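Trainee: Could you look at this predicted model? Sequence included:
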Amino acid sequence: MVVALILGWWLVAASRAQQLPRPSLSLHPRQGVSLGDNVTLRCHLPRLPAWVWLYREGRWSYAKYSDKKQDTTEFSFLSTSREHAGTYSCQYQLSESEDISVMSDPVELVLTGAELVSRGNLVVAVVRDWAAVLIFGLGVFFVIDARSLWIRRDESLGGEGIEWL
């Protein structure tokens with residue numbers, strides 16, 4: 001009996017979700033997005049008013065309310081970073097009911113220049129570390145060399161030398 005009730009509830013919920021038309025998601029600009037560029041994701045809604053959810057990599061990221069005047073809800077990223085790259089989709093729920101749409105088809109936000117920045121940071125870190133090792137090594141060399149020069153100078157002047165700690 002309980003299994004039949006749960007199955008019936010699930011079928012009703014699934015049929016309601018299928019009754020709502022699927023939203024569509026678009027990316028602006030569509031391609032050639034570099035790190036630091038502005039990007040807008042537009043979820044196009046077939047029915048209004050509704051709450052709109054934007055998902056990144058299948059996880060809820062943002063929510064907005066869309067009234068009867070707008071059939072598109074925009075989610076904008078100013079100055080994109082590597083964290084914004086990924087696969088996005090949207091979904092909506094009509095405000096006057098509990099009906100929830102199915103997810104839109106996904107769109108992929110690919111950022112150009114992300115590879116160059118990460119490699120560039122690696123090169124800078126390696127060069128900086130090698131420079132520090134080189135400077136330290138030269139410093140040790142000059143201290144040891146200067147010490148031996150002072151000892152030789154004192155011995156050439158007829159001194160007995162200096163005791164070094």
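Mentor: Yep, that arrived.
Trainee: mean confidence for the helix or strand in which Val140 is found?
Mentor: Val140 belongs to helix 114-156 when assigned by DSSP states H and E. For helix 114-156, mean pLDDT is 69.
Trainee: can you check stretch 27-35 too?
Mentor: What stretch 27-35 shows for mean pLDDT is 90.
Trainee: Dump it to PDB, keeping only the CA atoms.
Mentor: Below are the C-alpha coordinates for stretch 27-35, written out as PDB (Å, rounded to 0.1, in the frame of the first residue of the first chain):
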ATOM      1  CA  LEU A  27      25.800  32.100 -23.600                       C
ATOM      2  CA  HIS A  28      26.800  35.700 -24.700                       C
ATOM      3  CA  PRO A  29      29.300  36.000 -26.200                       C
ATOM      4  CA  ARG A  30      29.000  32.400 -27.500                       C
ATOM      5  CA  GLN A  31      32.700  31.800 -27.900                       C
ATOM      6  CA  GLY A  32      36.100  33.400 -27.600                       C
ATOM      7  CA  VAL A  33      35.700  34.400 -23.900                       C
ATOM      8  CA  SER A  34      39.000  35.300 -22.300                       C
ATOM      9  CA  LEU A  35      39.800  35.600 -18.600                       C
END
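Trainee: For Ser34, see how far away the residue sitting nearest the centre point of the chain is.
Mentor: In the chain, the C-alpha nearest the mean C-alpha coordinate belongs to Glu83, at 0.6 Å (C-alpha atoms, centre = their mean). Counting by C-beta to C-beta, to the nearest Å, the gap from Glu83 to Ser34 is 15 Å. In this view, the C-beta of every residue, glycine as well, is placed from N, C-alpha and C.
Trainee: again with Lys69
Mentor: Applying C-beta to C-beta, the value for Lys69 to Ser34 is 33 Å.
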